[in-house]
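coords please:
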Amino acid sequence: MIDIGKRYTLEVVKQVSFGVYLNALELGQVLLPKKYVPQDCEVGDMLDVFLYLDSEDMVVATTQQAKAEVGKFAYLKAVATNKVGAFLDWGLDKDLLLPFGEQKRPVEEGRSYLVYVHINHVDDRIVASNKVDKFLDKTPPAYKEGEEVDLIIGGKTDLGFKAIINNQHWGVLYQNQVFKKIYFGQSMKGYIKQVRNDGKIDLVLQQGGKTELDKHATLIIAKLTAANGFLPLNDKTDADIIYSQLSMSKKAFKKSIGGLYKAGKIRIETDGIYLAE
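Numbering: from 1, shown residues only. Just a heads-up that it's a prediction; the model follows:
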C-alpha cells in the first residue's frame with residue numbers, strides 16, 4: 001500500500017512540460033514537479049521519491065530527502081511560529097506543522113524538538129507532535145538481551161539518558177556506562193542490556209560479547225601497527241585518555257589487551273603495550 005509521508009521507488013508514466021507523473025498505485029498518478037526531475041528522465045524510469053501534500057492538499061512527489069517519515073520520531077528545528085502552531089524544517093520545501101495542541105509547551109523559533117510525525121485523522125494532513133509519550137507502544141516489550149536496536153536520545157535524567165527504542169519504547173542508558181559524547185535528538189545503534197520485571201528497559205552502547213571484543217582487539221592491533229608497535233596505554237591509564245585514543249571504555253580495553261596478551265600478540269609493560277615480536 002502506498003501512503004503519504006514515506007519514500008517509494010515509483011515508475012515514470014507520463015512526461016509533461018511542468019514535470020513527470022509517477023504511478024503511485026492506490027493514490028493514482030502523482031506529479032513530480034519539473035525542478036526535481038533528473039536530467040534525461042524518460043517514461044519507464046524508476047525514481048526514488050517522497051510523497052506528501054502540497055499547499056493545495058494535493059499529493060505530490062519530491063526527490064528531496066525528508067528528515068523524518070510518518071510513523072517515526074525525529075529531532076527537528078522550528079523555523080517559524082504563527083497563530084496555527086510552529087513550522088519545523090524536515091528537509092522539504094514545505095515545512096512540517098507542529099500544531100499548538102500537539103506542543104508540550106510553547107515552541108520557540110530556532111530551537112529543536114523531539115517530535116513524532118503522523119497523519120492527523122481530522123484532515124489527513126501530515127503533522128508533528130511534541131507529546132511523544134502517547135505514540136509509544138504500551139504493550140510489554142519482547143526484546144532479547146544483547147539485541148541490537150535503533151535509538152533516539154530523548155532526554156537527560158539523573159541516572160543518564162532516556163532513549164526511544166525502535167520507535168516503540170523508552171529505555172535508559174546509564175551515565176556510568178556511556179563512554180562517548182551523546183546529545184539530545186541523536187540517532188544511534190545500541191543494545192538491550194535487560195528488560196526488568198516492571199517492563200523498564202536498560203540499554204548499553206557496546207554489546208560486550210565476543211564480537212565486540214574481537215572488534216576492539218582488531219582496532220588495538222591496527223593502532224599499534226600504525227604507531228610502530230607501541231602505545232603508551234595500559235590498565236593504569238585514565239579512562240578518558242583511553243577513550244580519546246581508541247573510542248572504547250577502559251573495561252573493554254582491559255579485556256581486549258588481556259586477550260591479546262594471552263594470544264601472544266602483544267606485550268604489556270609499565271610504559272604501555274607493544275606488538276609482540
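
for the rest of this, base every contact and every neighbour count on C-alpha atoms.
Will do.

got the CA positions of stretch 164-180 in PDB?
Only the C-alpha atoms of stretch 164-180 are listed here, as PDB (Å, rounded to 0.1, in the frame of the first residue of the first chain):
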ATOM      1  CA  ILE A 164      13.400   5.800  22.300                       C
ATOM      2  CA  ILE A 165      14.000   2.200  21.200                       C
ATOM      3  CA  ASN A 166      13.000   1.200  17.600                       C
ATOM      4  CA  ASN A 167      10.300   4.000  17.600                       C
ATOM      5  CA  GLN A 168       8.400   2.000  20.200                       C
ATOM      6  CA  HIS A 169       9.600   2.100  23.800                       C
ATOM      7  CA  TRP A 170      11.500   4.200  26.300                       C
ATOM      8  CA  GLY A 171      14.800   2.800  27.600                       C
ATOM      9  CA  VAL A 172      17.700   4.100  29.800                       C
ATOM     10  CA  LEU A 173      21.400   4.500  29.100                       C
ATOM     11  CA  TYR A 174      23.100   4.800  32.500                       C
ATOM     12  CA  GLN A 175      25.700   7.600  32.800                       C
ATOM     13  CA  ASN A 176      28.400   5.300  34.100                       C
ATOM     14  CA  GLN A 177      28.100   3.100  31.000                       C
ATOM     15  CA  VAL A 178      28.300   5.800  28.400                       C
ATOM     16  CA  PHE A 179      31.800   6.300  27.200                       C
ATOM     17  CA  LYS A 180      31.300   8.800  24.400                       C
END
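
list the buried ones in it?
164-174, 178-179 (16 or more other Cα atoms under 10 Å).

which residue ranges form the helices in the stretch 101-250 of the chain?
Assigned by DSSP state H, counting those that start in this stretch, the stretch 101-250 of the chain shows helices spanning 210-226, 239-246, 250-262.

okay if I get those as a markdown table plus mean neighbour count and distance to G272?
Converted to a markdown table, the helices of the stretch 101-250 of the chain look like this (neighbours: other Cα atoms under 10 Å; distance: least, Cα to Cα, whole Å):
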| stretch | mean neighbour count | distance to G272 |
| --- | --- | --- |
| helix 210-226 | 15 | 11 |
| helix 239-246 | 14 | 12 |
| helix 250-262 | 18 | 11 |
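
nearest to K144, of the ones you listed?
helix 210-226 (16.8 Å; Cα to Cα).

now the angle from that closest one to helix 239-246?
Here helix 210-226 runs at an angle of 70 degrees relative to helix 239-246 (axes from the mean of the first three to the mean of the last three Cα atoms, to 10 degrees).

coming back round to it: quick check: the farthest pair among the buried residues of stretch 164-180?
Top of the distance list for the buried residues of stretch 164-180 (Cα to Cα): Q168 and F179, 24.8 Å.

where does this protein have low pLDDT?
Applying pLDDT under 70 to the chain flags the ranges 179, 207-213.

could you list every residue that touches the residue nearest the centre of it?
Nearest to the geometric centre of the chain sits S187, at 2.7 Å (Cα atoms, centre = their mean). S187 makes contact with 150-153, according to Cα atoms under 8 Å, 6 or more residues apart in numbering.

distance of Y174 from A163?
11 Å (Cα to Cα, to the nearest Å).

next one: Q245
Q245 sits 27 Å away from A163, taking Cα to Cα as the criterion.

can you check D89 too?
Here the distance between D89 and A163 works out to 22 Å (Cα to Cα).
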